[in-house]
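Peer 1: need the 3D shape of this:
(chains A, B, C and D)
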Number of protein chains: 4
Amino acid sequence: MTSSLRTPDPNPGWLSEFALAETRSRVPILYVEAVPARVDSLGQIEQIGVLLRTSPATGEITRTLVSGRVFHGESLRDALQRNIEKDLGPTAFPRLPVNLVPAAVAEYFPLPGVAPLHDPRQHAVALVYVVPVTGECNPRQDALELTWLSPEDALKPSLLEDLEGGRGQLLKQALAWSGAIV
Amino acid sequence: MTSSLRTPDPNPGWLSEFALAETRSRVPILYVEAVPARVDSLGQIEQIGVLLRTSPATGEITRTLVSGRVFHGESLRDALQRNIEKDLGPTAFPRLPVNLVPAAVAEYFPLPGVAPLHDPRQHAVALVYVVPVTGECNPRQDALELTWLSPEDALKPSLLEDLEGGRGQLLKQALAWSGAIV
Amino acid sequence: MTSSLRTPDPNPGWLSEFALAETRSRVPILYVEAVPARVDSLGQIEQIGVLLRTSPATGEITRTLVSGRVFHGESLRDALQRNIEKDLGPTAFPRLPVNLVPAAVAEYFPLPGVAPLHDPRQHAVALVYVVPVTGECNPRQDALELTWLSPEDALKPSLLEDLEGGRGQLLKQALAWSGAIV
Amino acid sequence: MTSSLRTPDPNPGWLSEFALAETRSRVPILYVEAVPARVDSLGQIEQIGVLLRTSPATGEITRTLVSGRVFHGESLRDALQRNIEKDLGPTAFPRLPVNLVPAAVAEYFPLPGVAPLHDPRQHAVALVYVVPVTGECNPRQDALELTWLSPEDALKPSLLEDLEGGRGQLLKQALAWSGAIV
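Peer 2: As a prediction, the model looks like this:
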């Protein structure tokens, strides 16, 4: 199947800082994002996970979603799994969606204010999924903490405003998509 | 949450044969249908399950999908779980979808030929889901056998034509929705 | 094509008050609902339409969406068009969706409080669509007035609370689905 | 609204051949694709449009869909409109979708055979939409001809095999998504 195969790739996903900066000035960069969710036996969302972390862009402590670049030659499913593991650890046991059509498509532009979502580093387009996780989550890397919230608590304005880059709107969209109370 | 609550219901989902026949002549009847799927660790479909059973309508042996009526007062999630358990047994361990928006909406009309899907008993509208199952399936009731097929085998014309009521088209739609090879 | 064909139907969509009440006590009743929208040349929502009307259930003046039953033998597309014409008049010129998979599935239960959406008359399940309209809207029947609102104004709590049967949540879902500012 | 605003962009979407080749070796390139459709008054697909053109990659005459890169700083809606105009001319009058969540997500890898879709130039990810067009289409640039086909004719194996890069599968997915006969 597609996702277990990769075409030979002399240029790995990893890019030097210089090459990445240059690339970011040329084309929109493709991301995957995930809203981790605890679901009940009927598939309904009980809690969603929000990351507290130090923004690589500004050094501030902010809240965010699971998020990461799709590498050259990497399938979307592999990118989604890799980035969930990067942010939630190897025992999160995510249930990736059957259908790769996302819950939302997010467009980030470099300047704040011109669009609801912004990313000072780049023009980015993210495919956003709601992903049930069934195991234990141990945030890694720059993720400091994972907070589980009920949909009601996640939708409080104070939390939504804390989400990095305007992702409060994105979280509302993902919860509305899933039919959780909005 | 919605699905665990039911309003008091003096008229249970079960209806007498007479009341059901009368109701079927008055309004479209709401169904849920499921395509059971085995998925790999990345969420991709490896196999889908097709039921071999005796059609209650004609007595013929036909192939079909998991399917059943939504009862009065029953939530869609409860109806989906109940009908999966009815057709696949109590140890199928389905993973119901986070989002109740279906993979396809199927409209069945009583006369064959006027629309791709038909049901001689009634005008029915079905919400169709692709549902990963992780446990052991033991078909019950009038379901004689569950066959697991790769998407490629499921899409062979000989199998599609065997599916009851024109559901071959529905299976193609569900597999296309899931991005499985079509 | 499906929607222009109807199977012969000795029992028309119209039911006597008695037959309708009896049917409502037996099975969930299928509805279609529409959020009428004015869109710009790029397909983005500029305004959505909300109906002000006298609720047939309570006699109160309430806000609501375009909504109506699917008749026996009627296709979903025909039902959607008929109900839009019923509520917005014959010159609304709706653009029905290419894909019948709805923006949201709404479940109404007879008792308030057990679920976000309720309908004192019945257990109803509605397929909800966002439908651009391009012509002039002249509400008919019991619809007193159609108000066009920007997504921002439509999402103000005071308006959402006025929507009949808990449809404020449904409107939020539909706007989130469409990517309009939420 | 988002799509009419663009952040200042010192690096236009247009890239030199060298910069584009270099970028293609570093990151997946984001595309939008469209299946142009003629729909009836109820929104159902009557015909879809397929382009006959000279492949820039191989010089062969092939069939393809409307397709093009998303430029740096360009919104998805602007990219979709620009590429439809590039391939169908300025009087096609497309009706862009209300919802940017695509009908399908397509992943192209550089080597044929490893995945259903391939593009010898690059790793590309395309968001695929079904777009009703209401005006006159006059293919421009390297597009030689636009052919309108019924869904039945479009799904004939001989046509599907002619579609460039494996897009026959993609067309099947888009038609299945739209509920057209598959």
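Peer 1: anything in the helix ranked longest in chain A near chain B?
Peer 2: Counting by DSSP state H, the longest helix found in chain A is helix A:76-88. Yes - shown here: helix A:76-88 in contact with chain B (Cβ under 8 Å from any Cβ of the partner chain) through A:77-78, A:81. (C-beta placed from N, C-alpha, C; glycine too.)
Peer 1: any residue of stretch A:122-136 up close to chain B?
Peer 2: Yes - using Cβ under 8 Å from any Cβ, stretch A:122-136 reaches chain B at A:130, A:132.
Peer 1: so which elements touch the longest helix of chain A?
Peer 2: When contacts are defined as 3 or more Cβ pairs under 8 Å, 6 or more residues apart in numbering or on different chains; DSSP states H and E, helix A:76-88 sits against strand A:29-39, strand A:66-69, strand A:124-132, strand A:143-149.
Peer 1: okay, now the sheet partners of whatever helix or strand comes next after that helix, with direction.
Peer 2: With elements assigned by DSSP states H and E, the helix or strand that comes after helix A:76-88 is strand A:104-108. Its sheet considered, strand A:104-108 pairs with strand A:124-132 (antiparallel) by DSSP bridges.
Peer 1: run the chain-centre distance for the strand it pairs with.
Peer 2: Between the centre of strand A:124-132 and the centre of its chain there are 6 Å (Cα atoms, centre = their mean, to the nearest Å).
Peer 1: tell me the angle it makes with helix A:76-88.
Peer 2: When axes from the mean of the first three to the mean of the last three Cα atoms, to 10 degrees is applied, the directions of strand A:124-132 and helix A:76-88 differ by 80 degrees.
Peer 1: and the angle from strand A:124-132 to strand D:29-39?
Peer 2: Going by the same axes, to 10 degrees, strand A:124-132 makes 80 degrees with strand D:29-39.
Peer 1: quick one: buried residues of strand A:124-132?
Peer 2: Neighbour-count burial for strand A:124-132 flags A:124-132 (criterion: 16 or more other Cβ atoms under 10 Å in any protein chain shown).
Peer 1: repeat that for stretch A:108-121.
Peer 2: A:108-110, A:114-119.
Peer 1: kindly report the residues of chain A close to chain B.
Peer 2: So far as Cβ under 8 Å from any Cβ goes, chain A lies against chain B at A:1-4, A:37, A:39-45, A:77-78, A:81, A:95-101, A:103, A:130, A:132, A:177-179.
Peer 1: can you flag the buried ones in those residues?
Peer 2: A:1-3, A:37, A:39, A:42-45, A:77-78, A:81, A:95-101, A:103, A:130, A:132, A:177-179.
Peer 1: check what pLDDT the residue minimising distance to the centre of chain A gets.
Peer 2: The structure's chain A has its C-alpha centroid closest to A:E33; by Cα atoms, centre = their mean the separation is 2.3 Å. With respect to pLDDT, A:E33 scores 98.
Peer 1: swap in the one 5 residues further on?
Peer 2: Predicted confidence (pLDDT) at A:R38: the value is 98.
Peer 1: beta partners for it?
Peer 2: Counting by DSSP bridges, A:R38 is bridged to A:Q47.
Peer 1: quick one, what contacts it?
Peer 2: A:45-49, A:132-133, A:148 (Cβ atoms under 8 Å, 6 or more residues apart in numbering or on different chains).
Peer 1: equivalent analysis for A:R140, please.
Peer 2: So A:R140 contacts A:86-89 (Cβ under 8 Å, 6+ apart).
Peer 1: at 10 Å what do you get?
Peer 2: A:85-90 (Cβ atoms under 10 Å, 6 or more residues apart in numbering or on different chains).
Peer 1: taking these together, which two end up most distant?
Peer 2: Pairwise distances across the contacts of A:R140 peak at 11.3 Å for A:D87 and A:P90 (criterion: Cβ to Cβ).
Peer 1: which of the two has more neighbours?
Peer 2: Between A:D87 and A:P90, A:D87 has the larger neighbour count (other Cβ atoms under 10 Å in any protein chain shown), namely 25 against 12.
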